[in-house]
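Visitor: Okay, here's the prediction I keep looking at, along with the sequence it came from:
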Amino acid sequence: MNKAKMRYFKDEDILHIVISDEKEANSIELSPNITAEMNERGELIGIEILEASSFIRDSILESSQAKILELKKAV
């Protein structure tokens, strides 16, 4: 397996994470705008994220807010 690679397509706002250069045989929608790409053996070979800038922004905000809440509880 090769090192993972990321490609961002700015015009379409798509982030594509390639885990393996193997041919895609199937895909599964994990959630709206996130698709897992699988090879013939059902192994994960890539992930595609549509509306990537919003997804990353929201993920960072959620994890930051959760961490802040944990810190407030500890004090």
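Guide: Perfect, thanks for sending it. Residues are numbered from 1 along each chain as shown.
Visitor: Pretty sure Tyr8 sits against Leu50.
Guide: No - applying Cβ atoms under 8 Å, one finds Tyr8 not in contact with Leu50, separated by 12.0 Å. To be clear about C-beta, it is placed using only N, CA and C from the backbone, and glycine gets the same treatment.
Visitor: Helix or strand with the lowest mean pLDDT in the chain?
Guide: helix 52-74 (a mean of 88; mean pLDDT, DSSP states H and E).
Visitor: what's it packed up against?
Guide: Helices and strands touching helix 52-74, by 3 or more Cβ pairs under 8 Å, 6 or more residues apart in numbering; DSSP states H and E, are strand 14-18.
Visitor: Following element in sequence after the strand it packs on, please.
Guide: Using DSSP states H and E, the next helix or strand after strand 14-18 towards the C-terminus is strand 26-31.
Visitor: What residues sit buried inside the helix or strand following that next one?
Guide: Downstream of strand 26-31, the first helix or strand assigned by DSSP H and E is strand 34-38. Of the residues in strand 34-38, 34-35, 37-38 count as buried by neighbour count, 16 or more other Cβ atoms under 10 Å.
Visitor: Same list, those residues, but as a markdown table with distance to Ser27 please.
Guide: Shown next, in a markdown table, are these (distance: Cβ to Cβ, whole Å):
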| residue | distance to Ser27 |
| --- | --- |
| Ile34 | 11 |
| Thr35 | 5 |
| Glu37 | 5 |
| Met38 | 7 |
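Visitor: which of the residues you listed lies closest to Asn26?
Guide: Met38 (4.5 Å; Cβ to Cβ).
Visitor: Just confirm Ile28 contacts Ala36, I think it does.
Guide: Yes - Ile28 lies in contact with Ala36 (Cβ under 8 Å); the separation is 4.8 Å.
Visitor: Pull the most distant pair out of the buried residues of strand 34-38.
Guide: Farthest apart among the buried residues of strand 34-38 by Cβ to Cβ are Ile34 and Met38. That separation is 13.8 Å.
Visitor: what do these two both touch?
Guide: Overlap of the contact sets of Ile34 and Met38 (by Cβ atoms under 8 Å, 6 or more residues apart in numbering) is empty.
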